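> Provided below for reference: sequence and predicted model.
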Amino acid sequence: MNKSSKLHMKTDEFKKQGYKVIDWLADYYEHVEEYPVLSQVEPGDIRSKLPEKAPNTGRAHDEILNDMNILMPGITHWQSPNFHAFFPCATSGPAILGDLISTGLGVNGMSWATSPACTELETHILDWLVDMMDLPVKFKSNSKGGGVIQDTASSASLVALLCSREKASNGRTNENGSNGDFIAYTSSQAHSSIEKAVKIAGIGKNNMRMVDVDQNFSMDSSHLRQLIEKDISNGLKPIFVCATVGTTSSTAIDPVNEIGKICKEFGIWLHVDAAMAGPAALCKEYRFINDGLNYADSYNFNPHKWMLTSFDCSIFYVADRSQLINTMSILPEYLKNKTSTSESVFDLRDWGIPLGRRFRALKLWHVINYYGVSGLQEFIRTHMENTKILRSWIEMEKDFEIVTPTPLTLICFRHTKGNNFTEKLLNTINESGKAYMTHTKLNDQYIIRFSVGQTSTTIDHLKETWNYIVKTSKGMIEA
């Protein structure tokens with residue numbers, strides 16, 4: 001690596017240790033399903049095994065790599081084929097290698113000039129994705145809009161909210177502070193990041209309206225209209241609506257078409273959050289999730305959930321990039337350069353919250369080129385089919401009931417013995433280390449969420465896990 005200083009790792013040593021790290025990772029993936037999925041340690045267990053003081057003299061990298069033996073018991077194995085909690089965080093070999101190159105290059109893509117390839121590759125790939133997923137062409141860079149990679153959907157939602165705030169105030173909020181009359185709306189089933197964004201943006205929790213949901217836990221658009229009209233009559237200013245395609249609790253899909261028409265009527269910014277669900281649109285038969293996007297001012301989905309791309313990689317599109325740039329742009333003297341002031345390029349520092357930006361597009365480039373569109377479609381379709389089969393197994397067990405529709409790859413179910421039993425069953429499964437699932441509460445019912453979508457999960461893994469759930473529940477009843 002460094003040919004002059006004795007302090008740094010030399011090229012030969014870097015190669016030697018790099019091979020060992022790759023070998024370690026390869027071995028990990030070969031044996032990942034042998035680990036307990038949920039970490040079994042108690043709070044403080046890991047720190048108790050770490051040295052009290054930092055080393056005064058540097059250690060050999062072999063020793064440092066061996067420290068993973070201490071850390072591994074504290075790892076919850078998100079890449080296990082038996083990880084069914086939250087939503088998938090599915091990575092892949094090509095993504096890891098692309099991310100490794102990004103880390104190795106160590107560039108900061110805050111502006112076009114600081115690494116032109118970082119900006120242009122990102123813009124190019126996101127234009128690809130518009131075509132691959134049949135998204136509205138207004139999100140392409142050759143239109144008024146464009147796309148950028150954020151870290152997570154939480155950041156994307158916050159940026160969208162900030163844009164809506166500045167659009168509503170014609171930029172005055174950035175100059176004079178928040179306006180207490182601004183109101184934001186989202187479903188009671190929307191992700192908690194929307195409430196967090198409202199707080200950060202200075203809108204205020206009391207100026208956030210939770211819209212009712214229907215029997216399928218999708219936003220009730222008629223209630224949205226009622227809330228908007230009431231706020232307007234009270235002299236308030238509705239500025240932002242977040243619709244969700246694939247809610248966290250149940251993957252409910254809000255009626256974006258209906259919501260979009262309301263937003264258009266009242267001149268309200270519509271943001272659509274499809275963090276987990278978005279990649280389904282790679283397949284033509286699942287493009288119902290795109291319904292209504294023609295009304296969206298901004299849109300987000302996460303390849304780091306269900307598109308084989310390492311965390312973090314969240315795609316954020318806007319229909320009018322000038323709204324985004326006007327909201328986020330600051331240009332101190334030390335950031336000025338010939339190309340930035342010419343307006344001939346995108347400086348993606350103006351498209352999000354942080355100034356510095358990793359070369360995230362590299363891992364997405366590796367994934368799309370390695371699998372191709374057809375390979376990514378096969379990945380999505382396999383999980384969709386496997387979810388249908390799993391659902392049929394659950395339906396055949398009289399002691400269990402499915403409580404929500406299954407539009408994608410999340411099944412919400414409970415045991416017929418009620419909340420306490422269902423909760424105890426989930427805890428028993430998770431503590432066994434054989435699988436990991438999480439819960440939600442819907443209509444005061446304790447619900448187990450069985451999420452499908454990890455990279456290496458097969459129908460055999462699902463069958464083994466389901467059989468274990470049934471066996472465990474029967475054992476609990478007999479006890």
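Cool, got the structure. Residues are numbered from 1 along each chain as shown.

> List the buried residues for stretch 431-447?
Of the residues in stretch 431-447, G433, K434, A435, Y436, M437, T438, H439, T440, L442, Y446, I447 count as buried by neighbour count, 16 or more other CB atoms under 10 Å. Bear in mind the C-beta positions are built from the backbone N, C-alpha and C, glycine included.

> Against S322, how distant is the residue nearest to S298 when sequence neighbours are not counted?
With sequence-adjacent residues excluded and distances taken as CB to CB, 6 or more residues apart in numbering, S298 is closest to A160, at 4.2 Å. To S322, A160 is 15 Å away according to CB to CB, to the nearest Å.

> Give me the more crowded residue out of these two.
Using other CB atoms under 10 Å, the more surrounded residue of A160 and S322 is A160, with 31 against 10.

> For that one, pull up the helix or strand it's in.
Secondary structure from DSSP states H and E places A160 in helix 153-169.

> For this structure, name the helix or strand with the lowest mean pLDDT.
helix 338-342 (a mean of 61; mean pLDDT, DSSP states H and E).

> burial count for G372?
There are 11 residues near G372, going by other CB under 10 Å.

> With E42 instead?
Other residues close to E42 by other CB under 10 Å number 9.

> Then the one 3 residues further on?
Residues within reach of D45, counting by other CB under 10 Å, total 13.

> pretty sure it is in contact with M72, am I right?
No. D45 is beyond contact range of M72, at 11.9 Å (criterion: CB atoms under 8 Å).

> Quick check: mean pLDDT of the helix or strand that the least confident helix or strand of the chain is followed by?
On the C-terminal side of helix 338-342, the closest following helix or strand by DSSP H and E is helix 361-396. Over the span of helix 361-396, the pLDDT mean works out to 97.

> Okay, buried residues for helix 361-396 please.
Buried residues in helix 361-396 (16+ other CB under 10 Å): 361-368, 370-371, 376-377, 379-380, 383-384, 386-387, 390-391, 393-394.

> just curious, which of the buried residues of stretch 431-447 is nearest to L348?
T438 (33.8 Å; CB to CB).

> Surely the closest one touches F83?
No. Contact criterion CB under 8 Å: T438 and F83 do not qualify, at 10.4 Å.

> Most widely separated two among the buried residues of stretch 431-447?
Counting by CB to CB, the most remote pair of the buried residues of stretch 431-447 is G433 and L442, 27.1 Å apart.

> and F240, which of the three is it?
strand (DSSP: H, G, I helix; E, B strand; the rest coil).

> Check L270 too.
Under three-state DSSP, L270 comes out as strand.

> Contacts only, for the residue nearest to it when sequence neighbours are not counted.
Distances taken as CB to CB, 6+ apart place C263 nearest to L270, at 4.1 Å, with adjacent residues excluded. Contacts for C263 (CB atoms under 8 Å, 6 or more residues apart in numbering) come out as V241, W269, L270, Y295.

> Can you give me the distance of C263 to S111?
From C263 to S111 the distance is 33 Å (CB to CB).

> residues contacting the most centrally placed residue in the chain?
In the chain, the residue lying closest to the centroid (CA atoms, centre = their mean) is N302, at 4.3 Å. Contact analysis of N302 by CB under 8 Å, 6+ apart lists T152, A153, A275, M276, G278, C313, S314, I315.

> Redo those residues as JSON lines? Include pLDDT and secondary structure.
JSON lines is the format used below for the contacts of N302 (pLDDT from 0 to 100; DSSP: H, G, I helix; E, B strand; the rest coil):
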{"residue": "T152", "pLDDT": "91", "secondary structure": "coil"}
{"residue": "A153", "pLDDT": "89", "secondary structure": "helix"}
{"residue": "A275", "pLDDT": "93", "secondary structure": "coil"}
{"residue": "M276", "pLDDT": "93", "secondary structure": "coil"}
{"residue": "G278", "pLDDT": "96", "secondary structure": "helix"}
{"residue": "C313", "pLDDT": "95", "secondary structure": "coil"}
{"residue": "S314", "pLDDT": "95", "secondary structure": "strand"}
{"residue": "I315", "pLDDT": "97", "secondary structure": "strand"}
